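**Student:** what shape does this take:
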Amino acid sequence: MTQVVAAYLDHLAVERGTARNTLDSYARDLRRYAAHLERQGVTDFRRITEAEVTGFGAALREGDDEHPPLAASSAARALVAVRGLHRFAHVDGLTEDDPAREVRPPAAAKRLPKALPVDDVLRLLDMPAADGERPLRDRALLELLYSTGARISEAVGLDLGDIDRTERTVLLDGKGGKQRLVPIGRPAVEALEAYLVRSRPVLASRGRGTAALFLNARGTRLSRQSAWQVLKTNAERAGLSASVSPHTLRHSFATHLLEGGADVRVVQELLGHASVTTTQVYTLVTVNTLREIYATAHPRALG
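**Tutor:** Residues are numbered from 1 along each chain as shown. Have a look, this model is predicted:
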């Protein structure tokens with residue numbers, strides 16, 4: 001076992017150029033693997049079976065007499081090291097088969113999307129001034145992002161013809177070239193109208209003509225990075241900088257809809273998710289909110 005591990009780590013360092021920190025982590029993980037096998041009475045590397053590899057994975061999450069339980073991410077890294085070790089040994093002809101081939105690392109726990117409280121969103125949307133070329137554009141952009149749940153890339157990809165102010169809808173180009181028609185709220189429509197009438201013509205005069213909805217100071221299409229900067233700048237002005245990411249308004253859109261009673265499949269369509277499973281992570285957010293309310297309001301909640 002020691003010789004195989006040494007040969008594998010040498011292979012990673014010399015032939016794969018693996019970073020020193022990664023090598024050190026793998027070495028620790030594989031020492032723990034060797035110790036686990038020894039406790040199971042397995043001393044011949046060639047006789048390791050899938051059951052031993054799976055058992056090691058379980059031991060990582062449950063802990064043992066010498067080690068505390070590992071988080072899913074750390075356990076996954078350790079199993080990646082073990083899988084790599086067995087694959088190397090098999091390819092090099094040291095073993096007849098690869099017992100770790102079908103063993104999968106544990107899935108990382110789903111991280112709940114961060115959503116802003118409604119009051120924080122309203123404060124953010126009120127940050128851009130009500131006049132001026134860029135402030136009018138920025139207000140329209142932020143209103144549209146929250147009103148439609150669009151990704152920033154979808155918003156900056158909009159053309160003038162994608163907005164129907166009469167029907168109050170916007171046509172978004174989502175992932176995989178899939179389009180979706182999404183309703184847009186009246187405040188967003190009003191912000192867009194103010195931008196289209198009083199701001200966009202001035203910005204457009206500086207360029208060479210483009211159908212893009214949102215323009216930069218040169219009269220060309222606003223980039224995703226610039227749109228993200230608009231969000232970041234106004235979030236800082238609103239005192240929300242620590243809570244904001246490029247997807248913040250999209251997360252807030254979904255969470256607030258579900259908290260308001262919207263069906264998860266409707267939200268799935270609005271977000272453009274291919275599977276409802278992707279959307280259901282937002283229901284975890286609303287369940288947490290319900291749990292907090294229950295804990296503070298129900299007389300027997302703490303019993």
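**Student:** give me the contact list for stretch 253-271.
**Tutor:** Residues from elsewhere that reach stretch 253-271, judged by Cβ atoms under 8 Å, 6 or more residues apart in numbering: 113, 115, 118, 121, 145-149, 180, 182, 250, 275-276, 278-280, 282-283, 285-286, 289. To be clear about C-beta, it is placed using only N, CA and C from the backbone, and glycine gets the same treatment.
**Student:** in helices, which of those residues fall?
**Tutor:** With helices taken from DSSP state H, the overlap with those comprises 118, 121, 145-148, 250, 276, 278-279, 282-283, 285-286, 289.
**Student:** tell me the buried residues within the contacts of stretch 253-271.
**Tutor:** Burial by neighbour count, 16 or more other Cβ atoms under 10 Å: within these this picks out 113, 115, 121, 145-149, 180, 182, 250, 279-280, 282, 285-286.
**Student:** what ranges does the chain have for its strands?
**Tutor:** If DSSP state E is used as the criterion, the strands of the chain fall at 163-164, 169-173, 179-183.
**Student:** residue 2: which of these is closest?
**Tutor:** Nearest to residue 2 among those is strand 169-173 (55.8 Å), distances taken as Cβ to Cβ.
**Student:** partners of residue 173 in the sheet?
**Tutor:** On the basis of DSSP bridges, residue 173 is bridged to residue 179.
**Student:** tell me the pLDDT at it?
**Tutor:** pLDDT, the model's per-residue confidence, is 91 for residue 173.
**Student:** which residues does it contact?
**Tutor:** When the contact criterion is Cβ under 8 Å, 6+ apart, the partners of residue 173 are 154, 157, 179.
**Student:** what does residue 162 give?
**Tutor:** Residues counted as contacts of residue 162 (Cβ under 8 Å, 6+ apart) are 170, 171, 172, 213.
**Student:** same check, this time on residue 36
**Tutor:** 55, 56, 59, 64.
**Student:** just give the nearest non-adjacent residue to the second one, would you?
**Tutor:** In space, residue 56 comes closest to residue 36 once its chain neighbours are excluded; the distance is 5.0 Å by Cβ to Cβ, 6 or more residues apart in numbering.
**Student:** what's the answer for the first one, then?
**Tutor:** For residue 55, the nearest residue in space outside its immediate sequence neighbours is residue 40; the separation is 7.0 Å by Cβ to Cβ, 6+ apart.
**Student:** likewise residue 121?
**Tutor:** Distance criterion Cβ to Cβ, 6+ apart; nearest residue to residue 121, sequence neighbours excluded, is residue 252 at 5.4 Å.
**Student:** which ones are touching the one you found?
**Tutor:** Applying Cβ under 8 Å, 6+ apart, one finds that residue 252 lies in contact with 115, 116, 121, 146.
**Student:** tell me which of those residues has the lowest pLDDT.
**Tutor:** For these, the model is least confident at residue 115; its pLDDT is 85.
**Student:** can you give me the distance of it to residue 147?
**Tutor:** Using Cβ to Cβ, to the nearest Å, one obtains 15 Å as the distance from residue 115 to residue 147.
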